[in-house]
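[1] coordinates for the following, if possible.
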Amino acid sequence: MVSFEMNDRKKIGLGLTGFGIFFSFLGIIFFFDKGLLAMGNILFISGVSLTIGLKPAMQFFMKPQNFKGTISFGVGFFFVVIGWPIIGMILETYGFVVLFSGFWPTLAVFLQRIPFLGWVFQQPYVRSLLDRYRGRRVPV
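    Numbering: from 1, shown residues only. Alright, predicted model coming up:
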């Protein structure tokens, strides 16, 4: 059963996930610094695992429809660690999009409710683009 209460483990997990995204962003800003990118990846994966739990995280990453995303993200992480950050980030981005493609419709609805971004996302062209991909997984 999924628990929606915010306990200390989930708070720490959300913090680690946020720091992981922040370090990855810094790694990209500082011309693909492999140390920052590796630190961001480690913090992101550990934060997701702590937030949703170790068993659900393993089940999510090992679903048959998520294999391409998981393998792509893992190989991209390996390339970042061995010193090829640009190739690694391309593979990680592809893996991230494939893994979390089921969450894009939820993200689109959330973005439409943010004050300034909501106005941008409710423009006819952007809305038709979002409606076209709502409820579909990214083709792999």
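
[2] tell me which stretches of this structure form helices.
    Residue ranges of the helices in the chain, as given by DSSP state H, are 8-29, 34-52, 54-61, 67-82, 85-99, 104-112, 115-121, 124-133.

[3] quick one: residues contacting the residue nearest to G74 when sequence neighbours are not counted.
    In space, and not counting its chain neighbours, G74 is closest to G95: 7.6 Å by C-beta to C-beta, 6 or more residues apart in numbering. For every residue, glycine as well, the C-beta is placed using N, CA and C. Taking C-beta atoms under 8 Å, 6 or more residues apart in numbering, we find G95 in contact with 68-74, 76.

[4] doesn't L111 make contact with Q122?
    No: using C-beta atoms under 8 Å, Q122 makes no contact with L111, being 9.8 Å away.

[5] just the buried ones from the contacts of G95?
    69-70, 72-74, 76 (16 or more other C-beta atoms under 10 Å).

[6] distance check, the nearest residue to F77 once chain neighbours are set aside against F30.
    Nearest residue to F77, sequence neighbours excluded (C-beta to C-beta, 6+ apart): N41, at 5.1 Å. With the distance defined as C-beta to C-beta, to the nearest Å, N41 ends up 15 Å from F30.

[7] could you do G102 as well?
    From G102 across to F30, the span is 32 Å (C-beta to C-beta).

[8] who has more neighbours, these two?
    A count of neighbours by other C-beta atoms under 10 Å puts G102 above the other of G102 and F30, at 14 against 11.

[9] could you chop the protein up by domain?
    As given by the TED database, the domain ranges for the chain are 8-101, 103-139.

[10] chain center to the first one: distance?
    Centroid displacement of domain 8-101 relative to its chain, using C-alpha atoms, centre = their mean, to the nearest Å, is 7 Å.

[11] end to end on that domain, go ahead and measure it.
    Across its full length, domain 8-101 reaches 28 Å between end residues, using C-alpha to C-alpha, to the nearest Å.

[12] if anything else comes up later, I'll come back, but that's it for now.
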